[in-house]
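*Asks:* Just the structure for this:
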Amino acid sequence: MSTAWLTRRVLLTLAMAWVVATIVFLALHMVPGDPAELLLSTSGAAPDPASVAELREKLGLDLPLLTQYGNFLAGLLRGDLGNSLVDDYPVLQEIGLRLPRTLELILAGTVIAVIFGVPAGVYAAVHRGGAFDRAASWITALLLAVPVFVVGTLLVLLLAQTLRLMPAGGYVPLAQDPAQHLKLLTLPAIAIAKGLAAVLFRMTRAATLDALAHDYVRTARAKGLSPRRVLVVHVLRNALNPVVTVLGLQMGTLLGGTVLVEYVFNWPGLSTPLLRAVEGRDYPMVVGIILTISVLFLLINLAVELLHAAIDPRVQA
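*Replies:* Down below sits the predicted model:
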């Protein structure tokens, strides 16, 4: 892998992270409403102006916007996301507590989607036009059309409340009770996986059909290679690149799509503090969580590009 190419990709990722941080900072400061007034308001009563001014000074909200922006960037460079305006709890500590739970949910959903989506896509392509291909295409279209919160609700009604096969929701640490932890993880992971599995099925099917139509596949068959060897060595190897790319992009998208799933299944990831922070105009918490999700999305894209380059060195040109 070229060092110059790798350096360019890393620098581009850092530049995009800076752009995202700037956009988030400006967008939140353009939202109507004064955080100091909201924090001091009780039962709808107007807060004392002197108290509002004192709190604004304490939070640095009275400083010019450019100065606030400079302090914001300096804090990011130090790894300091500030404290929550609601409970004065360190934002970084809250994210560090909840982020692993969200990542675990995304990883579990991705594994389920890959296990079902990729083999099904290959099988459908090899048996194009068959009963399985037609049925799977209809099912994936349905999965893509149904919102994730609807799927989550149906899973709770069917598997948890009607059949009593799974718990409806909640969280237990893995170290405390591994079996119960996995049970609680299963339904939200399936809800997360449904859209990704459908996308992977379609992409794998299309990429496999495209590879099957190439001359090198016909040449391999003419040489007398077994159908399995042709499929594994010649077809899947060349169909892997677009599937890996889509998988990486979709994993990044799942970071933002877990909010509803975590809410439906009461999974204590990043969704709870994010929703609470948006409602309470808790700028540091909102910025911290959004930046965390954005940076993870960029890192996933960078990892996909590196993997893509390792599979096909021509992308470094």
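*Asks:* Show me the shaky parts of the stretch 151-300 of the chain.
*Replies:* Applying pLDDT under 70 to the stretch 151-300 of the chain flags residues 233-234, 256.
*Asks:* where exactly do the helices run in it?
*Replies:* 178-212, 215-222, 227-229, 237-264, 271-279, 283-311 (DSSP state H, counting those that start in this stretch).
*Asks:* Can you give me the buried ones in the shortest one?
*Replies:* By neighbour count, with 16 or more other CB atoms under 10 Å as the criterion, helix 227-229 contains no buried position. The C-beta positions use only the backbone N, C-alpha and C, and glycine is treated the same way.
*Asks:* just checking, what packs against that helix?
*Replies:* Helix 227-229 is packed against no helix or strand, with contacts defined by 3 or more CB pairs under 8 Å, 6 or more residues apart in numbering; DSSP states H and E.
*Asks:* so which of the helices of the stretch 151-300 of the chain gets nearest Glu54?
*Replies:* Comparison of these against Glu54 by CB to CB identifies helix 283-311 as nearest, at 17.7 Å.
*Asks:* tell me what the closest one is packed against?
*Replies:* Helix 283-311 is packed against helix 3-29, helix 91-126, helix 237-264, helix 271-279, with contacts defined by 3+ CB pairs under 8 Å, 6+ apart.
*Asks:* packing partners for the second one?
*Replies:* Read that as helix 91-126. helix 131-145, helix 178-212, helix 237-264, helix 271-279, helix 283-311.
*Asks:* and the longest one with helix 237-264, angle?
*Replies:* It stands for helix 178-212. Relative orientation of helix 178-212 and helix 237-264, computed by axes from the mean of the first three to the mean of the last three CA atoms, to 10 degrees: 140 degrees.
*Asks:* Check which residues of helix 178-212 are buried.
*Replies:* 181, 184-205, 207-209, 211-212.
*Asks:* With stretch 169-177 instead?
*Replies:* By neighbour count with 16+ other CB under 10 Å, stretch 169-177 contains the buried residues Gly169, Tyr171, Val172.
*Asks:* And the last one, its phi and psi?
*Replies:* Its backbone dihedrals place Val172 at phi -130, psi 130, with angles given as degrees, to the nearest 10.
*Asks:* The first one too?
*Replies:* Dihedral angles phi and psi of Gly169 (degrees, to the nearest 10) take the values phi 170, psi 180.
*Asks:* Could you report the distance from it to Leu306?
*Replies:* 36 Å (CB to CB, to the nearest Å).
*Asks:* Likewise for the last one?
*Replies:* In this structure, Val172 lies at 36 Å from Leu306, with CB to CB as the measure.
*Asks:* cool, Leu187 as well?
*Replies:* For Leu187, the distance to Leu306 equals 33 Å [CB to CB].
*Asks:* May I have stretch 53-71 exported as CSV, CA atoms only?
*Replies:* Provided in CSV are the C-alpha atoms of stretch 53-71 (Å, rounded to 0.1, in the frame of the first residue of the first chain):
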residue,chain,number,x,y,z
ALA,A,53,-26.6,36.5,32.7
GLU,A,54,-24.5,34.8,35.4
LEU,A,55,-25.1,31.4,34.0
ARG,A,56,-24.3,32.6,30.4
GLU,A,57,-21.0,33.9,31.7
LYS,A,58,-20.2,30.7,33.5
LEU,A,59,-20.9,28.6,30.4
GLY,A,60,-19.1,31.0,28.1
LEU,A,61,-22.2,31.8,26.1
ASP,A,62,-21.6,35.5,26.5
LEU,A,63,-18.4,35.4,24.5
PRO,A,64,-18.3,36.3,20.8
LEU,A,65,-19.2,33.4,18.5
LEU,A,66,-15.7,33.3,17.0
THR,A,67,-14.2,33.0,20.5
GLN,A,68,-16.6,30.2,21.4
TYR,A,69,-15.6,28.5,18.2
GLY,A,70,-11.9,28.8,19.0
ASN,A,71,-12.5,27.4,22.5
